[in-house]
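S.K.: Structure of the sequence below:
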Amino acid sequence: MGIAELVPGVSGGTIAFVTGIYEEFITSINNISLRTFKTLKTKGFGAFWTRLNGNFLVVLFGGMVISMLSLSKLISWLLEFHPIPIWSFFFGLVLASVIFVARAISKWNLASIILFALGAVIAFYITTLPPSANTDSLPFLFFSGALAICAMVLPGISGAFILVLLGSYKTILDAVNDKDFKIIITVGLGVVFGILSFARVLKWMFANYKNVTLAILTGFILGSLNKVWPWKKILEVIQVGKKEIIIDENISPFAFEGDNQLVFAIITAIIGFSLIFILEKTASKK
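M.R.: Numbers count the residues shown, from 1 in each chain. Predicted coordinates:
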């Protein structure tokens, strides 16, 4: 999930869903409440930790933080110097996720089909929005973190891509690389605020309208494929201080100027596609 969140266009929520931990993830987030902390006072740490599902949360978020801190430079390098193979890998991964999440819907009806289409249209529209200029404002970075974590929880909508749209992605990635803890802590507080608010909405939707919720999430994932298409044509490069904002559009690999790496791209896409079902089988065995 941590690696997925470093790539604009890929959602950590998709990885959580495929590995079978999504609903436990949402439920565990909802356990963080005043009632749970009252348990610490009345029944002791053991009861508090069990109610919190602490082991699960510590291992999950620990893994995400470690992967983000250790792999952010590698992901940045791959996106800059080997964009087509890395985007192809994630295209295959996201495409397989559409099939995987759709299979979880026990009954398709007219409402599910309409909401699936609506989710796809909304996600596609979001991916076509132009990015904003980067900002270093701490209050803005706080709310960027809050919005991005809501997107991360939703399979299909990438938290990193929301940060790109808001103009916060490069600032936050640089802060992670440079260990700028002022920015990291500010964004982290925004993340906590956003996830505690949004997880409650999702838990209620899963409890009362599970098939409809899954249909919307499947649509989100399908619509997000537009963002991770590997071959792009740069339309405009906007210089903002020392930073560049690239505006591009998707094109056919045969219209791509330069080496389109088609065979290599197909291989990496197949690897990404297969990885989803490997994860599924591994998760089901566990």
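S.K.: can you give me the strands for the stretch 101-250 of the chain?
M.R.: 232-240, 243-250 (DSSP state E, counting those that start in this stretch).
S.K.: Would you list the phi and psi of S168?
M.R.: phi -110, psi -10 (degrees, to the nearest 10).
S.K.: Below-threshold pLDDT in this protein: ranges please.
M.R.: Filtered on pLDDT under 70, the chain yields the residue ranges 8-9, 130-135, 155-158, 160-161, 165, 238-246, 283-286.
S.K.: Could you name the residue of it that is farthest from its center?
M.R.: T42 (37.3 Å; Cα atoms, centre = their mean).
S.K.: Sticking with that one, tell me its helix or strand.
M.R.: Secondary-structure element containing T42, defined by DSSP states H and E: helix 34-43.
S.K.: so what does that helix touch, helix or strand wise?
M.R.: The helices and strands touching helix 34-43, judged by 3 or more Cβ pairs under 8 Å, 6 or more residues apart in numbering; DSSP states H and E, are helix 45-52. From N, CA and C alone the C-beta is placed, and that goes for glycine too.
S.K.: in the very next helix or strand once past the helix it packs on, what's buried?
M.R.: Next in sequence after helix 45-52, counting helices and strands by DSSP H and E, comes helix 54-81. Residues 57, 60, 64, 67-68, 72, 75-76, 78 are the ones in helix 54-81 that count as buried (16 or more other Cβ atoms under 10 Å).
S.K.: quick check, distance from helix 54-81 to the centre of its chain.
M.R.: Taking the mean of its C-alpha atoms, helix 54-81 sits 12 Å from the chain's own mean (Cα atoms, centre = their mean, to the nearest Å).
S.K.: tell me the angle it makes with helix 45-52.
M.R.: Using axes from the mean of the first three to the mean of the last three Cα atoms, to 10 degrees, the inter-axis angle of helix 54-81 relative to helix 45-52 is 50 degrees.
S.K.: so where do the helices sit in the stretch 51-200 of the chain?
M.R.: Along the stretch 51-200 of the chain, counting by DSSP state H, counting those that start in this stretch, helices occupy 54-81, 83-103, 110-128, 138-153, 159-166, 169-178, 181-208.
S.K.: among those helices, which is the most enclosed?
M.R.: helix 159-166 (a mean of 24; mean count of other Cβ atoms under 10 Å).
S.K.: rewinding a little: what's the helix holding T42 in contact with?
M.R.: Residues outside helix 34-43 that contact it (Cβ atoms under 8 Å, 6 or more residues apart in numbering): 47-48, 51-52.
S.K.: so that helix versus helix 45-52, what angle?
M.R.: Helix 34-43 and helix 45-52 are oriented at 160 degrees to each other (the same axes, to 10 degrees).
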